[in-house]
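Chemist: got a predicted structure plus its sequence, pasted below:
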Amino acid sequence: MERRSVPFVDVPAMMQVHGEAVENALAEVVRSGMFINGPKVLELEERLADFVGVKRAVACGSGTDAQQLILMALDIGPGDEVLVPDFTFIATAEAVANVGATPVMVDVDPHTFTMDPAAARAAMTPRVKAIAPVSLFGQPAAMDVFESLAEEFGVHCIEDAAQSLGARLGDRYSCSFGTAGWTSFYPSKPLGGIGDGGMVFTDDEELAERMKLIREHGQVGRHEHSVLGMNSRLDALQAAALLVKLDKFPREVELRRELAARYDGALDDVVRTPLMAPGRFSSYAQYTIRLADAATRENFCDYLSDAGVPTALHYPRPVQSQESLQRVIARRVPAPVTRELCDTVISLPLSAYMVREDQDRVIEAVHAWAEATNPAAAAAR
């Protein structure tokens, strides 16, 4: 009998843990008839603000919307520049372009894959109004450094924490840095929902109120709209599901970290495993390794696929190369590390409830690949 493939993210295992409680929570919302905003959304905002360690959290329809809400509330728009990393998902730059501002893609650190503070400093101009580092694959960016850089230049620091809720830099949680931070509840994220959703975090009460206004068409009263806004509310059904999962979220982060540590120990002599900068604690949205070059990575992917082990490319091309952004890019800065990473990184299966047998299969497949491609090196280990 053919063996099943290892799931990249084991959603069925997750639902075995949460399924019944989620179903009951959803049924409660259906019976209440309160599908937009309401007590579940308010409770989620309050509990997550407390978890992250900030005064306010504002729920919205998606992670991308969350970043756009921040930019709109800060009046960042045409004529303004926002520094974003070149190695990440397009949404970080896309949100900037969608408010009429100009994204400037800068290079990343070769070890952590997060925005390089030196590259950000070099890209500064009087037009820059914000720095938006991405805490990538679950590891916080150098947010303390970016906070200082933002203060030095008089700009905003916005953390894209779509992949890093639950991660820490020292004693501070991801999403608690700078003017504001935001995260995503897309199902594959560390705290994933049953659809789209997002949350903004800030200590600025006035900014939080402005974002709440913007997320509902700028409405201050029935048929009264004081500012241009958008429609980006978190459904109560999503909030109910997330509240159930939030109860076990700290433990799930630890489970991800335990699985990642097991990968580290088993694979460190075969591939370049993730490097955590001092004082950074990842929530491991992805377990991302580096290989020698693009050809090696292609061979690696094919070999593991044949063994029933899926992989994922995050991200195979620089953000600034995307066709949709060409009309808004006003200036380019060198990003050689990004180009190298786009050719060499690959993500392995990992999720909180990944079973030991599946992880063993991944480890065995990686070792088998190494032996098949370089027997002499494998024998020397």
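Modeler: On my side now, so go ahead.
Chemist: can you give me the helices for the chain?
Modeler: 11-32, 38-52, 63-73, 91-98, 117-122, 143-153, 205-214, 236-246, 249-267, 294-306, 336-344, 356-373, 375-380 (DSSP state H).
Chemist: shaky segments in the chain?
Modeler: 1-2, 375-381 (pLDDT under 70).
Chemist: my understanding was that M211 contacts L71; is that so?
Modeler: No: between M211 and L71 there is no contact under CB atoms under 8 Å: 10.2 Å. Just so you know, the C-beta spots here come from the backbone N, C-alpha and C atoms, and that holds for glycine as well.
Chemist: point out the most buried one among the helices of the chain.
Modeler: Ranked by mean neighbour count under mean count of other CB atoms under 10 Å, those are led by helix 63-73, which reaches a mean of 27.
Chemist: now find how far off-centre it is within its chain.
Modeler: The gap between where helix 63-73 is centred and where its chain is centred comes out at 15 Å by CA atoms, centre = their mean, to the nearest Å.
Chemist: what's next to that helix, contact-wise?
Modeler: Where contact means CB atoms under 8 Å, 6 or more residues apart in numbering, the residues beyond helix 63-73 that reach it are 58, 60, 77, 82, 91-92, 94-96, 98-99, 101, 130, 132, 158, 160, 162, 179-180, 182-186, 189, 196-200, 207, 210-211, 214-215, 228-230, 232.
Chemist: then stretch 252-265?
Modeler: Applying CB under 8 Å, 6+ apart, the external contacts of stretch 252-265 come out as 138, 166-167, 190, 245, 273-274, 281-284, 287, 348, 350-354, 359, 362-363.
Chemist: stretch 217-237 now?
Modeler: 26, 29-30, 32, 34-38, 40-41, 44, 59-62, 65, 68-69, 72, 194-195, 197-199, 210, 213-216.
Chemist: may I see the buried residues of that stretch?
Modeler: The neighbour-count check on stretch 217-237 (16 or more other CB atoms under 10 Å) flags 218, 229-230, 232-237 as buried.
Chemist: ok, the residue nearest to D204 when sequence neighbours are not counted to I363 distance?
Modeler: The shortest distance from D204 to any non-neighbouring residue, by CB to CB, 6 or more residues apart in numbering, is to T179 (6.7 Å). For T179, the distance to I363 (CB to CB, to the nearest Å) stands at 42 Å.
Chemist: same deal with P349?
Modeler: P349 is 11 Å from I363, by CB to CB.
Chemist: show me how far stretch 84-96 is from its chain's centre.
Modeler: On CA atoms, centre = their mean, the centre of stretch 84-96 falls 11 Å from that of its chain.
Chemist: still on that earlier bit, buried subset of the contacts of stretch 252-265, written for ChimeraX?
Modeler: Buried residues within those, by 16+ other CB under 10 Å, are selected in ChimeraX with:
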select :138,166,167,190,245,273,274,281,282,283,284,287,348,350,351,352,353,354,359,362,363
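Chemist: which of the contacts of stretch 252-265 fall within strands?
Modeler: 281, 287, 348 (DSSP state E).
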